[in-house]
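S.K.: Just to be clear, the model below is a prediction. Sequence and coordinates:
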Amino acid sequence: MSEVLRKRILIVDDEAALVRMLESQLAPIGFEVHAVTHGKQALSYAAEHNVDLAILDINLPDINGYEVAKELRRVYSPWVLPIIMLTVRDRPVDQLRGFAHGADAYLTKPFASIELFQTIGLLLGEEALAFGGEAPRFPLGIDGL
């Protein structure tokens with residue numbers, strides 16, 4: 001997991017407790033975490049820094065997460081900057097809208113940390129993070145076939 005050590009995650013969420021929790025879980029495993037509370041701050045930060053993955057809430061004080069994702073996707077391909085929507089909006093139409101605006105994954109709050117870690121690991125190609133230390137023997141995890 002040595003390559004993870006320099007990967008930068010941008011968290012865009014105005015819930016301070018959630019941001020602190022994510023930072024406390026991601027920093028010890030080697031991620032550099034930068035958090036902002038507004039969509040415009042996220043766009044500015046991404047333009048000025050090398051960001052490897054963005055975690056976006058939809059409900060933000062200025063522009064919403066859909067618009068942030070749309071603008072990020074206009075500039076960065078999914079291979080350069082994967083986007084995870086992490087939000088309380090759990091209706092299928094919200095998920096579809098998230099994907100239509102450029103999200104690569106859509107998780108709803110409350111969420112399980114392992115689900116977020118697996119999603120981050122899969123999007124960044126970090127099998128050890130995605131599969132808890134070891135990659136599955138088969139792509140679908142089906143043993144014995």
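M.R.: Ah, there it is. Numbers count the residues shown, from 1 in each chain.
S.K.: use CA for all of it now, contacts and neighbours both
M.R.: Will do.
S.K.: Phe31 is in contact with Arg6, isn't it?
M.R.: Yes. With contact defined as Cα atoms under 8 Å, Phe31 and Arg6 form a contacting pair (6.4 Å).
S.K.: who has more neighbours, these two?
M.R.: Phe31 (18 against 11; other Cα atoms under 10 Å).
S.K.: Quick check: pLDDT value at that one.
M.R.: As predicted, Phe31 sits at a pLDDT of 92.
S.K.: So what touches stretch 66-75?
M.R.: Gly39, Lys40, Ala42, Leu43, Leu56, Ile58, Ile83, Arg97, Gly98, His101, Gly102, Ala103 (Cα atoms under 8 Å, 6 or more residues apart in numbering).
S.K.: mind putting the residues you listed in a markdown table, neighbour count included?
M.R.: Listed next are these as a markdown table, based on neighbours: other Cα atoms under 10 Å:
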| residue | neighbour count |
| --- | --- |
| Gly39 | 26 |
| Lys40 | 18 |
| Ala42 | 24 |
| Leu43 | 16 |
| Leu56 | 27 |
| Ile58 | 23 |
| Ile83 | 28 |
| Arg97 | 13 |
| Gly98 | 23 |
| His101 | 19 |
| Gly102 | 24 |
| Ala103 | 25 |
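S.K.: nearest to Leu18, of those?
M.R.: Leu56 (12.0 Å; Cα to Cα).
S.K.: what bridges to that closest one?
M.R.: Using DSSP bridges, the beta-bridge partners of Leu56 come out as Val12, Met85.
S.K.: What is the burial count for Ala27?
M.R.: 14.
S.K.: helix, strand or coil for it?
M.R.: helix (DSSP: H, G, I helix; E, B strand; the rest coil).
S.K.: Tell me if I'm right that it and Val33 touch.
M.R.: Yes. Distance between Ala27 and Val33: 6.5 Å, which falls inside the contact criterion (Cα under 8 Å).
S.K.: ok, residues contacting whichever strand or helix holds Ala17?
M.R.: Using DSSP states H and E, Ala17 sits within helix 16-26. If you take Cα under 8 Å, 6+ apart as the criterion, helix 16-26 is touched by Ile11, Asp13, Glu32, Val33, Ala35.
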